[in-house]
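Student: Test case, fold it:
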Amino acid sequence: MSGLRDLRRSYERAELDEDAAASVPLQQFERWLQDAIAARLPDPNAMTLATVGADGRPSTRVVLLKGCDNAGFVFYTNYESRKAQELAANPQAALQFHWPELERVVRIEGRVAKTADEESDAYFATRPLDSRIGAWASPQSRVIASRAVLVAEAARIGAKYLLAPPRPPHWGGYRLVPDRFEFWQGRASRLHDRLRYTLQADGGWLRERLAP
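Tutor: Below you'll find the model as predicted:
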């Protein structure tokens, strides 16, 4: 496609220096997430999830962050999907948040494990009815003949469970427990700010500046 090499812009909105950055990466992440929410960005909790299967082939997809605290970063999905199969084979994964309007990127790496059933049940109960039905109706990542198959299955599930579909046994949460964060703030002349936090053996975090 012509013209791609001419697409560029200068990043000049903000800066990220060690004096202003939090000493604990979760605090820095929460600051930036709140900035994205306050700026009314579309889907501020959308994140790219990267996994690697047993065959060594990487894949990515966008999921929604549904919880973050000292225990980790939580998202929900079908336990029979491609991402779930890859996490079963290799529980190491990476997340990336991109807020282009703020010229910011956050990268997070760590180990992933399923959340407790009680936690998944509690979240599932808060989902809109159509989403709860969809969790039953969609054989995620599998080949289907047509959209009509999904619509028919959703209708069947709706008739079966009416207003109270339970959480499917094949659907629930994962929690990524981070051991590495990187915060990227765009700067002029491509001299971007990059701060990396790495978890240490004593539970503290080592903060380092990386070259852009």
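
Student: What's the local residue count around residue 26?
Tutor: 18 (other CB atoms under 10 Å). For the C-beta atoms, the positions are set from N, CA and C on the backbone; glycine is no exception.

Student: so who does the residue minimising distance to the centre of the chain touch?
Tutor: When CA atoms, centre = their mean is applied to the chain, the residue found nearest the centroid is residue 47 (3.6 Å). The contact partners of residue 47, by CB atoms under 8 Å, 6 or more residues apart in numbering, come to 62-65, 75, 95-97.

Student: Which one of the residues you listed is nearest to residue 185?
Tutor: The closest of the contacts of residue 47 to residue 185 turns out to be residue 97 (CB to CB; 12.7 Å).

Student: and the strand ranked longest in the chain, how far out from the chain's middle?
Tutor: Ranked by residue count and defined by DSSP state E, the top strand of the chain is strand 171-185. A distance of 7 Å separates the centroid of the chain from that of strand 171-185, by CA atoms, centre = their mean, to the nearest Å.

Student: Compute the inter-axis angle for the following helix or strand past it and strand 171-185.
Tutor: Past strand 171-185, further along toward the C-terminus, the next helix or strand under DSSP states H and E is strand 193-199. Following axes from the mean of the first three to the mean of the last three CA atoms, to 10 degrees, one obtains 130 degrees for the angle between strand 193-199 and strand 171-185.

Student: Show me the helices in this protein, by range?
Tutor: 25-38, 82-89, 117-126, 129-137, 147-161 (DSSP state H).

Student: Save those as a markdown table, and put in distance to residue 10 too.
Tutor: Formatted as a markdown table, the helices of the chain follow (distance: least, CB to CB, whole Å):
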| stretch | distance to residue 10 |
| --- | --- |
| helix 25-38 | 20 |
| helix 82-89 | 36 |
| helix 117-126 | 41 |
| helix 129-137 | 41 |
| helix 147-161 | 43 |
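
Student: right, so of the ones you listed, which gets closest to residue 208?
Tutor: helix 25-38 (11.8 Å).

Student: picking that back up, dig out what the residue nearest to the centre of the chain forms beta bridges with.
Tutor: Beta-bridge partners for residue 47, by DSSP bridges, are residue 63.

Student: In the chain, where is pLDDT below threshold?
Tutor: Across the chain, nothing is flagged by pLDDT under 70.

Student: repeat that with 90
Tutor: Along the chain, segments meeting pLDDT under 90 span 1-10, 12.

Student: Tabulate the CA atom coordinates of stretch 91-106 in PDB.
Tutor: Extracted C-alpha coordinates of stretch 91-106, given in PDB (Å, rounded to 0.1, in the frame of the first residue of the first chain):
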ATOM      1  CA  PRO A  91       1.200 -20.400  31.100                       C
ATOM      2  CA  GLN A  92       3.600 -17.500  30.400                       C
ATOM      3  CA  ALA A  93       1.800 -14.600  28.700                       C
ATOM      4  CA  ALA A  94       2.100 -10.900  27.900                       C
ATOM      5  CA  LEU A  95      -0.400  -8.100  28.000                       C
ATOM      6  CA  GLN A  96      -0.200  -4.700  26.100                       C
ATOM      7  CA  PHE A  97      -2.400  -1.600  26.600                       C
ATOM      8  CA  HIS A  98      -2.200   1.000  23.900                       C
ATOM      9  CA  TRP A  99      -3.700   4.400  24.500                       C
ATOM     10  CA  PRO A 100      -2.700   6.300  21.300                       C
ATOM     11  CA  GLU A 101      -4.600   9.500  22.300                       C
ATOM     12  CA  LEU A 102      -2.300   9.800  25.400                       C
ATOM     13  CA  GLU A 103       0.800   8.500  23.400                       C
ATOM     14  CA  ARG A 104       1.200   5.700  26.000                       C
ATOM     15  CA  VAL A 105       1.800   2.000  26.000                       C
ATOM     16  CA  VAL A 106       2.100  -0.400  28.900                       C
END
